[in-house]
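Enquirer: Sequence and predicted structure below; questions after.
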Amino acid sequence: MPLDAICLTAIKNELAESIKGSKIDKVQQPERDLIILSLRGVGNQTCKLLISAGQGDTRVHLTGHKFDNPQAPPMFCMLLRKHLAGARITDILQPSAERVLIIKLESLSVMGERTEKRLIIELFGRQPNIILIDNDGITIDCLRRIGGEWNEKRPVLPGLLYRAPEPQEGKQSPISITGEKLCELLKNAKDELLEKWLISIVNAFSPLICREIVWRAYGNTGLRVGEIEDNGEGLANAFISLIKQIELEAFEPWLILSEAGKPFDFSYTHIKQYERKYSSKLDSSFSHMLDSFFTLAGQQKRISQRSAATLKVMTNARDRQLRKLTAQKSELEEASRRDYLRECGDLITANLHLMKKGQPFLVADDFFADNGSVREIKLDVMKSPQQNAAGYYKTYTKAKNARSFLTHQIQSGERELVYIDSVIEQLRRVENEQDINEIRSELSQTGYIRQLKQPGQSKHQNTSRQQRIKGQKNLKSKHSEYALHRFMSSSGLRIFAGKNNVQNDTLTLKTAARSDIWLHAQKIHGSHVIISCAGTKPDDEALREAASIAAYYSAAGSAGKVAVDYTLVKNVKKPSGGKPGMVIYNDFKTILVKPDEELVKRLRDDK
């Protein structure tokens, strides 16, 4: 559901209790429409306030998720850092029945004087906004600059006096509507869905809440105005009951889950209209609920969008490679007829004394056949018998050479296909922007995409050799321990898993000790997993947990059972000329495990 004004009130009340009086330590802008304020409260307790002004996911709440910063912070982020770093949050306000939050701030000016500012968060319409104004109400800057034209109703620009949004025409605050008034308004309503009629007269209720009121009143969300038989008394009772809950501020964070157990919707009151189709869960807080509903799903959506172009490039590369392999195998099958060509040359040579120039074919006893049959051999009428025999021998030699060449090319192409499939699998599992950049850098070095542009470099500039080397060193530094998937086994052993081919190589061939345990899903694409055991034998539980991690981060992550090979790191080698992530290993054992997402989440160690 959209974050309506009443739900925003519940969030405002929760935030006022937890962050009022906190100081702003850091300001981040990881996305175009996303601001993260790192706060420090009483007793040095820290938290992060997320403010999103993106269309479709506007919200304000505390978050526990990590966000990657861009290499260069946007200008709006730099301005917020200048004005907000060190500022104290003195209050959080909300205009009545409006999707607007006002965070009042107190900070010291350059001259050491106390100054007040307000961060206004508008979470409505097609252009949600984040606006910083001074104590006089003058806009310092805003995330979206609106207006500039003479006929703009409400321009939002630096230097202009901030004006609050005007109330929606034809709509009323639900607090001001009594039961009698609702019944009176219903008498003059046109025949339409009761839910839509409620939306048209109330300015603080989402469609979900309007449907819930109808369901509580009549047990049918599809009811029309003309179908009501009680003159609206049931509707008025359900409406007033919800209003009393709102006036008492008895808000509860209810998360609605789909049949698959995924977050589907949310509300500040228990939603019952879905009956048995969807289940409901009372969450611990509104911030935790919104973090579960928006942040994780939003991150996955944004990452999927940003990896889509690279995924398309690699999918096209795989399709080309498959077509190439099909053609090469067809040629190889044709080349397998080379012995037949040599036999034809031998038969022509054996029958030269019986042949004449210009005859179209030769019918001769086939002394290569066991049953003594005859063979009909096609001849070129423009050539002599000797030239026809030479032609067959020449074609035989070409086919013989082609077989050796094609065999080598097919083997190389199949290795290439394995590498492409591994990259595609990794792109489908990326978790953040850094993961995508690392894979793109790997693909630029292997020639699948163009060399990545260095920061500040125009598209017409060539990167110098020194810059390329510097970029590669910076890239390698990012493949440090914190960039990997990190886990802690139940017995306290550290477990690491690579996110991409370069990380797999670095982890297995450079970082891991020779006496550590290396694991990988058998004969399928997946992450290299290392149990850091310092030469000691890991316990059976740690081995099963690491194997489950290897199975989960593989192409068979959704399978029932997966075979996972494990051996000492010293038994794992890089083949000559092998692509990133490709290794060979020996002296291994195999364990059969189930990919367990819950286990993977429980063992995660991202501190």
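Expert: That came in fine, so what should we check first?
Enquirer: only C-alpha atoms for contact and neighbour calcs from this point on.
Expert: Will do.
Enquirer: Write down the beta-bridge partners of W518, one by one.
Expert: Note on W518: beta-bridge partners I530, T567, judged by DSSP bridges.
Enquirer: That one reaches T567, doesn't it?
Expert: Yes. Contact criterion Cα atoms under 8 Å: W518 and T567 qualify, at 5.4 Å.
Enquirer: who has more neighbours, the two?
Expert: Between W518 and T567, counted using other Cα atoms under 10 Å, W518 has the larger neighbour count: 31 against 20.
Enquirer: give the contact list for that one.
Expert: T508, H528, V529, I530, I531, Y566, T567, L568, V569 (Cα atoms under 8 Å, 6 or more residues apart in numbering).
Enquirer: isn't the second one right next to H520, touching?
Expert: Yes. Counting by Cα under 8 Å, H528 sits close enough to H520 to count as a contact (5.5 Å).
Enquirer: For E541, give me its contacts.
Expert: E541 touches S490, S491, counting by Cα under 8 Å, 6+ apart.
Enquirer: Repeat that for L223.
Expert: L223 neighbours (Cα under 8 Å, 6+ apart): L193, L194, E195, V214.
Enquirer: now the strands for the stretch 451-600 of the chain?
Expert: Along the stretch 451-600 of the chain, counting by DSSP state E, counting those that start in this stretch, strands occupy 485-488, 494-497, 517-521, 529-532, 562-568, 572-573, 584-585, 589-593.
Enquirer: Can you check what angle separates the third one from strand 562-568?
Expert: Per axes from the mean of the first three to the mean of the last three Cα atoms, to 10 degrees, the angle that strand 517-521 makes with strand 562-568 is 160 degrees.
Enquirer: Tell me how far the residue nearest to S267 when sequence neighbours are not counted lies from E247.
Expert: Using Cα to Cα, 6 or more residues apart in numbering and skipping the chain neighbours, the partner closest in space to S267 is W254 (5.3 Å). To E247, W254 is 18 Å away according to Cα to Cα, to the nearest Å.
Enquirer: try I209
Expert: 16 Å.
Enquirer: How about T9?
Expert: In terms of Cα to Cα, T9 sits 11 Å off from E247.
Enquirer: who has more neighbours, these two?
Expert: Using other Cα under 10 Å as the criterion, T9 and E247 rank with T9 on top: 24 against 10.
Enquirer: Could you give the number of residues near R145?
Expert: Using other Cα under 10 Å, the number of residues around R145 comes to 15.
Enquirer: can you check T511 too?
Expert: 14.
Enquirer: repeat for K82
Expert: K82, neighbours per other Cα under 10 Å, totals 11.
Enquirer: That one falls within a strand, correct?
Expert: No. Counting by DSSP: H, G, I helix; E, B strand; the rest coil, one finds K82 to be helix, located in no strand.
Enquirer: Tell me the confidence at K398?
Expert: The model reports K398 with a pLDDT of 81.
Enquirer: Could you grab the helix/strand/coil label for it?
Expert: helix.
Enquirer: what's the distance between it and P73?
Expert: 61 Å.
Enquirer: follow-up on the earlier one: most tightly surrounded among the strands of the stretch 451-600 of the chain?
Expert: strand 517-521 (a mean of 29; mean count of other Cα atoms under 10 Å).
Enquirer: just to revisit the earlier point, quick check, nearest of the contacts of W518 to L427?
Expert: Using Cα to Cα, the shortest approach to L427 within the contacts of W518 belongs to H528, at 15.7 Å.
Enquirer: Neighbours of that closest one, how many?
Expert: 27.
Enquirer: Next, it: phi, psi?
Expert: phi -80, psi 130 (degrees, to the nearest 10).
Enquirer: Quick one: low-confidence residue ranges for the chain.
Expert: 1-2, 148-152, 295-302, 334-336, 451-482, 606-607 (pLDDT under 70).
Enquirer: what's the domain layout of it?
Expert: Annotated domains of the chain cover 5-142, 177-239+253-280, 337-401, 478-603 [automatic domain parsing].
Enquirer: For the closest residue in space to D346 that isn't next to it in sequence, which three-state class applies?
Expert: The shortest distance from D346 to any non-neighbouring residue, by Cα to Cα, 6+ apart, is to A389 (7.3 Å). Here A389 is helix, with the state taken from three-state DSSP.
Enquirer: just checking, A389 touches I348?
Expert: Yes. The criterion here is Cα under 8 Å, and A389 meets it with I348 at 5.7 Å.
Enquirer: related to what we said a few turns ago, next, show the common contact partners of H528 and H520.
Expert: A550.
Enquirer: Quick check: the residue of the chain most remote from its centre vs Q411, distance?
Expert: Centroid-distance maximum for the chain: H353 at 76.0 Å, with Cα atoms, centre = their mean. The spacing between H353 and Q411, counted by Cα to Cα, is 46 Å.
Enquirer: sorry, back to before: do I have it right that the residue nearest to S267 meets D283?
Expert: Yes. W254 lies in contact with D283 (Cα under 8 Å); the separation is 6.0 Å.
Enquirer: all helices of the stretch 301-450 of the chain, in order?
Expert: According to DSSP state H, counting those that start in this stretch, the stretch 301-450 of the chain carries its helices in the segments 338-350, 385-427, 433-445.
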